[in-house]
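Asker: Predicted model follows, preceded by the sequence.
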Amino acid sequence: MWNFFGCRFPACILVDILSYSLTNEAILFCIVVVMLAMLTGMVSMDEAMSFLLKHTLVGESEVLSKDYSSNWMLGYVPPTYNIYFFLCTFFSFLGVVFHFSLYKMVFLQAFVNIQAMQGCHSSVMETSSNLTKKYEADCFYLHSCFSGKATSSDLRKVVEILSYRNSDELKLIVQSFHVLYNQDLCDLTSRKSCLLSKVANLRMNDHCLRDANMINQALFGTNLDANIVMEIICTRSSSELKVIKQTYYNNYNSHLEQHISVKTNGSFQEVLLAFLNSAKHEIGRTNTSMAMCDAKTLYEAIGSGKSVDKTTIISLISQRNTNQLKIILQSYKQLYGHDFIKFLKIDKCGEFGRHLRTVMRCVQYPEKHFAKQLRLTMKDGGDVGEVLIRTVITRADIDIKCIKRVFAEKTGWSLESLIMKELCCNTRNDCDHKGLVGDVLIALL
């Protein structure tokens, strides 16, 4: 069998066709004309078939009276071969048409795809170009602001950038700033002393790098601020803690555990180190059954004797990741009807119990911890503005709305009103840009 333009038929028929005389060439011409007429709609298929059969076939009686051997030499073709000739030519022609149509469709589809890709590429390029212009404009306003050349309208633009750009956009702005001005924006803002620069630095920095820097400043600043260290370590996930520890080592050439061991002591140090060690046990899923068993272990460690089994508690904390520890505390309340931290109020728990209570509240109810820190700072006459900045920026898009709710329930104040009170601009020469800082914080709530 031979394959000719997609049609398969005996090879002998092809030999016969190739041996045809002019008579058969005329027949071929006739067939082609009729088929073209049929394909263009000038005649129907039935009419075309009837015409071809009538004019290409020879009667059977004539076939029997002919001598095949002499007929070949004289150019005579038997009528049966005329049928073969017609059928082969017809189907070959259809094969050509079919293949041409197929190739045409493939070509057109490829053309459409190319046009679509060009359109998509053009759209992406246009979007990319618009974004590039947007980030370049943002960099211009930030550069004007922190180089001391900003106008009032430039400062309002900086407020908009710090308020409404998400984390990914801020990263791109930092990268673009370095390309345009050959300066590290985070480093530039860290060397400025005004509040707006501090807010910009906290917003622009990578979160884990920001946390590592805050811990180092809290440990080695003028006064040790163990509360900042504790709230960062206890409110970050184990996977985040792992990155923070590595970032800390990369930037300060020392392990975080070593610096905490040097700057803190006693039971507070033990609890913090246990939490840092828990970062090694990050797992994908929490285990409810294990949490129930651990909750019973906690109960036995603090509720069945005259003293707290500190070793058991520290061991359990260091071997469970942050998410699993939250499930353990929930299971404890489910089993015994009250929170684990409630029992730690009892005097027999001592200093260890007091520190453990603070840490566990921070883990289980971070919104209550941050709201309480604001209340205590207001009560003690501390720097409320600094606590507000740290709380709002580090908890934005996490649980700042919960903190707002708890703070309002406990004090009757809204966070917006507290920000306006503490960070309002009372003078025309507001070199610290407190009013702008307040606008940024309110926008982040």
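Answerer: In hand now; what should we look at?

Asker: And stretch 296-305, what's buried?
Answerer: Neighbour-count burial for stretch 296-305 flags T297, L298, A301, I302 (criterion: 16 or more other C-beta atoms under 10 Å). All C-beta atoms are positioned from the backbone trio N, CA, C, and that covers glycine.

Asker: Please name the nearest non-neighbouring residue to the third one.
Answerer: Read that as A301. D309 (3.9 Å; C-beta to C-beta, 6 or more residues apart in numbering).

Asker: Next: the last one.
Answerer: With sequence-adjacent residues excluded and distances taken as C-beta to C-beta, 6+ apart, I302 is closest to V308, at 5.2 Å.

Asker: avg pLDDT for stretch 368-383?
Answerer: Throughout stretch 368-383, pLDDT has a mean value of 93.

Asker: How about residues contacting that stretch?
Answerer: Stretch 368-383 has contacts (C-beta atoms under 8 Å, 6 or more residues apart in numbering) with 227, 231, 235, 358, 361-362, 384, 387-388, 391, 395, 403, 406-407, 410-411, 418.

Asker: How is the protein partitioned into domains?
Answerer: Per automatic domain parsing, the domain ranges recorded for the chain read 2-109, 132-204, 224-364, 367-444.

Asker: Lowest average pLDDT across those domains?
Answerer: domain 2-109 (a mean of 49).

Asker: show me where the stretch 101-250 of the chain has helices.
Answerer: Secondary structure of the stretch 101-250 of the chain by DSSP state H, counting those that start in this stretch: the helices cover 152-164, 167-181, 185-190, 195-204, 207-220, 226-235, 238-252.

Asker: can those go into CSV with extra columns for distance to L142?
Answerer: Output for the helices of the stretch 101-250 of the chain, formatted as CSV (distance: least, C-beta to C-beta, whole Å):
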stretch, distance to L142
helix 152-164, 6
helix 167-181, 7
helix 185-190, 7
helix 195-204, 7
helix 207-220, 17
helix 226-235, 26
helix 238-252, 23
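
Asker: To L445, which of these lies closest?
Answerer: L445 lies closest, by C-beta to C-beta, to one member of these: helix 152-164, at 10.3 Å.

Asker: Report the buried residues of that closest one.
Answerer: Neighbour counts over helix 152-164 (16+ other C-beta under 10 Å) mark L155, K157, V158, V159, I161, L162, S163 as buried.

Asker: Next one: the third one from L195, what distance?
Answerer: Taking C-beta to C-beta, to the nearest Å as the criterion, V158 is separated from L195 by 13 Å.

Asker: In stretch 265-280, which residues are buried?
Answerer: Neighbour-count burial for stretch 265-280 [16+ other C-beta under 10 Å]: 267-279.

Asker: ugh, wrong one, I meant stretch 353-366
Answerer: If you call a residue buried by 16+ other C-beta under 10 Å, then stretch 353-366 has these buried ones: 353, 355-366.

Asker: ok, so of those residues, who is nearest N321?
Answerer: Among these, V363 lies closest to N321 (C-beta to C-beta), at 11.2 Å.

Asker: Just the element for the closest one, please.
Answerer: Assigned by DSSP states H and E, V363 belongs to helix 350-364.

Asker: and after that helix, which helix or strand comes next?
Answerer: Of the helices and strands lying after helix 350-364 in sequence (DSSP H and E), the nearest is helix 366-380.

Asker: circling back: need the buried residues of helix 152-164 in JSON lines with distance to R285, can you?
Answerer: Shown next, in JSON lines, are those (distance: C-beta to C-beta, whole Å):
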{"residue": "L155", "distance to R285": "48"}
{"residue": "K157", "distance to R285": "45"}
{"residue": "V158", "distance to R285": "43"}
{"residue": "V159", "distance to R285": "42"}
{"residue": "I161", "distance to R285": "39"}
{"residue": "L162", "distance to R285": "37"}
{"residue": "S163", "distance to R285": "36"}
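
Asker: just curious, which of those residues is nearest to D206?
Answerer: Minimum distance to D206 across these is 15.8 Å, recorded for L162 (C-beta to C-beta).

Asker: tell me the contacts of the closest one?
Answerer: V199, A200, R203, V440.

Asker: hmm, 6 Å instead?
Answerer: By C-beta atoms under 6 Å, 6 or more residues apart in numbering, L162 lies in contact with R203, V440.

Asker: now it: how far from Y252?
Answerer: 27 Å.

Asker: Okay, strands next: where are they in this protein?
Answerer: Counting by DSSP state E, one finds strands in the chain at the ranges 2-4, 7-9.

Asker: can you pull the buried residues of stretch 325-338?
Answerer: Buried residues in stretch 325-338 (16+ other C-beta under 10 Å): L325, I327, I328, L329, Q330, S331, Y332, Y336.

Asker: no, scratch that, I was asking about stretch 173-193
Answerer: By neighbour count on 16+ other C-beta under 10 Å, the buried set for stretch 173-193 is I173, V174, S176, F177, L185, C186, L188, T189, S190.
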